[in-house]
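Novice: fold the following, please.
(2 chains)
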Amino acid sequence: MGPYIMEKFRSGQSHIRPAWRWISERGLLVMTGDETLARYEALLTLNRPEVEDIIPADGSLFVVFRRGETISADLRAALAGSVERMSVVTGALHEIAVEYGGAAGPDLPALAEQACMDEATYVNSHAAVEYVVAFLGFQPGFPYLRGLPRALHAPRRASPRLRVAAGSVAIGGAFTGIYSASGPGGWQIIGHAAAVMFDPQRDVPALLMAGDRVRFVPR
Amino acid sequence: MIEVLRAGQCDLAMDQGRPGWGAFGVPAGGAADPFALAAANRLVGNDEAAAGLEIALKGPGLRFPLGGIVALTGARFAATRSGGAAVGWNEPLFLAAGETLNLERAEAGCRCWLAVRGGLALPRLMGSRSTFLPAAFGGYQGRVLRAGDVLASGASPGGMRLLRARPPSSERDMPLRVVAGPQARQFDAAGLLAFFAGNYRVGAASDRRGLRLSGPAVTHARAELPSQGVLPGAVQVPPDGQPIILGWDGPVTGGYPVIAGVIAADMLKLAQLRPGDAVRFSTIDLERARSLAAAGQWEIEERA
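Specialist: Numbering: from 1, shown residues only, chains lettered A, B, ... in the order given. Sure, this is the predicted structure:
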């Protein structure tokens, strides 16, 4: 591959608005920043037939097109236009009981120490905040909760655990979340919630949806 | 009705998948080659959306206590049936009551699809009968088939014509065609050169969640970024530089830079890659990729 082809590959997306990036011809990543949830609601309302799915994530939306379809002028205009940020309806508030520390939260002592707090203070800080579900990902129904106090931010574990129990309340970077299924995982575990985060048999399979609010209640 | 006498390596109930649940963290999943399963369904008179079996690498031994009509499409497996009659691909097979179908190893490629007249009678979860192994739901009890399992088939559809299916022309040895990914600019010339000039091997740890490749390391500037939506075919590059092509049951969001995306038309080739196979990549532009969207369609014709 020559330098010209290489440059063409790298800049292959430059004719599109800088905030848009294709992943393949069926997936468009739109950098939506703080407007992610407002734009998500707006696109859902638009209900474009060429769109198969819309996935909100950390400051971006991902639009999946049906096979053989591509972005319509209407959708293009909607993405380029401004969005009414106040239009987002405030999501439901969920209170989730958590057993912090001990066997339920093996990483709590180390995290508290790193944050120069005792465990009780750390737990109170974690439970004092009202979080917002930024998006679901990683596992079905796994919520990425925004609002973690800066002092509680912590990197993922250097080597992931092979098995993390469903219901584990954990911290990964600037997010806190709840494992919805058992499996491998790299976030730092501080507690356990009995709430069932995901059940494919329910009409609405996930307990939490993007935009919902969460408060943790220590048991 | 199908009795599993002997399980294959990974036999999964699949249909055309459950698109539209990405915001719940659930990928569309479904048959790795939806066109091949649709063709098998048409051969037995089913709706294309009926559930069948996706069989990988080494197939199962199946018994049909009541007989039935089945069809196989996709990779050819060494196969026998009771009485020693030939097991044809891409045509309906008429099985007498009590007859067995024994699928051994794939002769070339990785996956085949088996449709049974009436479709597999399984509950729909979130709109689909496809197995989603990572969260253990859908399909047959959310898991791979085991010896002793009994799968019911649904009511037989109306009339049936004798058909033959012709697969799309195969280009198995061609490189996988990709378009530039959202983080393509983060990769320097050395990284891109490694990616496009390199010969990669499909690793043993590959499955429907992703194909792990090994080969020349693809160097890049930044190891992690905010989680972004991804889809099957996205080529992620983790810090060790060994690319991962996300598969049909892969996560809906990811935090590794995406260098490129395999075009929809070439996802069918991905379905037939097995551990140890060689992989190369070549670039194609978006417009050309879109023009290939119909690739993978089967021709179904009346049998003379």
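
Novice: quick one: the helices in the chain, in order.
Specialist: Since no chain was named, I'll use chain A. A:3-10, A:36-46, A:73-80, A:108-114, A:119-127 (DSSP state H).

Novice: actually it's chain B I care about, not the one you picked
Specialist: So, for chain B - with DSSP H - the helices run B:34-43, B:189-197, B:267-270, B:286-291.

Novice: could I get these as JSON lines with mean pLDDT and distance to A:Tyr122?
Specialist: Heads up, the C-betas are built off the backbone N, CA and C, glycines and all. Listed next are those as JSON lines, based on pLDDT from 0 to 100; distance: least, Cβ to Cβ, whole Å:
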{"stretch": "helix B:34-43", "mean pLDDT": "97", "distance to A:Tyr122": "49"}
{"stretch": "helix B:189-197", "mean pLDDT": "94", "distance to A:Tyr122": "40"}
{"stretch": "helix B:267-270", "mean pLDDT": "95", "distance to A:Tyr122": "45"}
{"stretch": "helix B:286-291", "mean pLDDT": "92", "distance to A:Tyr122": "49"}
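
Novice: tell me which of those helices is the most buried.
Specialist: helix B:34-43 (a mean of 26; mean count of other Cβ atoms under 10 Å in any protein chain shown).

Novice: report the central residue of chain A.
Specialist: A:Phe135 (3.2 Å; Cα atoms, centre = their mean).

Novice: how about that residue, nearest residue that isn't a chain neighbour?
Specialist: Nearest non-adjacent residue to A:Phe135, counting by Cβ to Cβ, 6 or more residues apart in numbering or on different chains: A:Pro56, 4.4 Å away.

Novice: repeat for B:Met267
Specialist: B:Met267's closest residue in space is B:Gly233 (Cβ to Cβ, 6+ apart), at 5.5 Å.

Novice: ok so, going back, quick one: which of the helices of chain A is nearest chain B?
Specialist: Among these, the nearest to chain B by Cβ to the nearest Cβ is helix A:3-10 (5.1 Å).

Novice: what sits closest to the residue in chain A that chain B sits nearest to if chain neighbours are left out?
Specialist: Residue nearest to chain B within chain A: A:Phe62 (2.2 Å; Cβ to the nearest Cβ). Closest residue in space to A:Phe62, ignoring its immediate chain neighbours: B:Gly229 at 2.2 Å, by Cβ to Cβ, 6+ apart.

Novice: domain map for chain A?
Specialist: Per automatic domain parsing, the domain ranges recorded for chain A read A:6-85, A:93-218.

Novice: hey, least reliable of the ones you listed by pLDDT?
Specialist: Among the domains of chain A, domain A:6-85 carries the lowest mean pLDDT, at a mean of 86.

Novice: for it, what is the distance to the chain centroid?
Specialist: A distance of 17 Å separates the C-alpha centroid of domain A:6-85 from that of its chain, computed with Cα atoms, centre = their mean, to the nearest Å.

Novice: count of residues packed around the spatially closest residue to B:Gly98 that is not a sequence neighbour?
Specialist: Distances taken as Cβ to Cβ, 6+ apart place B:Pro65 nearest to B:Gly98, at 6.1 Å, with adjacent residues excluded. Close neighbours of B:Pro65, defined as other Cβ atoms under 10 Å in any protein chain shown, add up to 12.

Novice: do B:Ala96 as well
Specialist: Around B:Ala96 there are 12 residues (other Cβ under 10 Å).

Novice: kindly report the same for B:Val4.
Specialist: Neighbours of B:Val4 (other Cβ under 10 Å): 20.

Novice: same check, this time on A:Leu152
Specialist: Neighbours of A:Leu152 (other Cβ under 10 Å): 20.
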